[in-house]
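Enquirer: Have a look at this prediction, sequence included:
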Amino acid sequence: MLYNFLEHLKSNMPLYEIDTIITYRLKYAIEANELSDAFDEIKSNIGFDEISQRFLGEQITGGREITIDEFHSLLGRLKNDPAELSSAHMGVLGIHKINYEKSEKNSPESGESV
């Protein structure tokens, strides 16, 4: 659900910054004199493609409660960091809001299908 800033002003729900790490296994096919040369090639050359990728999971590494002012400050830092691939341009539209009404309506206790 897209975040609506006016809803945030009416809401008493806190805002959280969550950090995760996503892991992929990449597989390469490299011709080389020795295995160590193939390892070195991967470390030094990003100009070739892997033959396979497999998503291995996402790990939550941390989280903390933040204010809306801290959120805007975070967006500014992300926007100005060339190492970050961010959606800072979205502003508050980048906030995901849990729809608890929908969750409660579809819960097993409600008698409706999930």
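Expert: That came in fine, so what should we check first? Numbering: from 1, shown residues only.
Enquirer: Kindly list the longest helix within the protein.
Expert: Using DSSP state H, we find that the single longest helix of the chain is helix 68-79.
Enquirer: What is that helix packed up against?
Expert: strand 15-27 (3 or more CB pairs under 8 Å, 6 or more residues apart in numbering; DSSP states H and E). Any C-beta I mention is one placed from the backbone N, CA and C, and that applies to glycine too.
Enquirer: quick one: buried residues of the strand it packs on?
Expert: Leu15 (16 or more other CB atoms under 10 Å).
Enquirer: I'd assumed Gly76 was in contact with His89.
Expert: No - using CB atoms under 8 Å, His89 is not in contact with Gly76, being 11.5 Å away.
Enquirer: where along this structure do the helices fall?
Expert: Going by DSSP H, the chain shows helices at 5-10, 35-44, 68-79, 100-105.
Enquirer: What are the contacting residues of the third one?
Expert: Outside helix 68-79, the residues within contact range by CB atoms under 8 Å, 6 or more residues apart in numbering are His8, Leu15, Glu17, Ile66, Glu84, Ser86, Ala88, His89, Gly91, Val92, Gly94, Ile95.
Enquirer: Mind checking which of those are in strands?
Expert: Taking DSSP state E as the definition of strands, the contacts of helix 68-79 contribute Leu15, Glu17, Ile66.
Enquirer: between those residues, which is nearest Tyr100?
Expert: Leu15 (15.0 Å; CB to CB).
Enquirer: what about the closest residue to the closest one other than its chain neighbours, distance to Phe55?
Expert: Spatial nearest neighbour of Leu15, excluding adjacent residues (CB to CB, 6 or more residues apart in numbering): Ile66 at 5.5 Å. Using CB to CB, to the nearest Å, Ile66 is found at 28 Å from Phe55.
Enquirer: got it, and Arg25?
Expert: In terms of CB to CB, Arg25 sits 8 Å off from Phe55.
Enquirer: Then Tyr100?
Expert: 29 Å.
Enquirer: Also Lys27?
Expert: Distance from Lys27 to Phe55, by CB to CB: 13 Å.
Enquirer: ok, back up a step: take the helices of the chain and write them to JSON lines, including mean pLDDT, distance to Gln59 and mean neighbour count.
Expert: Output for these, formatted as JSON lines (pLDDT from 0 to 100; distance: least, CB to CB, whole Å; neighbours: other CB atoms under 10 Å):
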{"stretch": "helix 5-10", "mean pLDDT": "58", "distance to Gln59": "28", "mean neighbour count": "11"}
{"stretch": "helix 35-44", "mean pLDDT": "94", "distance to Gln59": "23", "mean neighbour count": "11"}
{"stretch": "helix 68-79", "mean pLDDT": "93", "distance to Gln59": "20", "mean neighbour count": "13"}
{"stretch": "helix 100-105", "mean pLDDT": "73", "distance to Gln59": "24", "mean neighbour count": "10"}
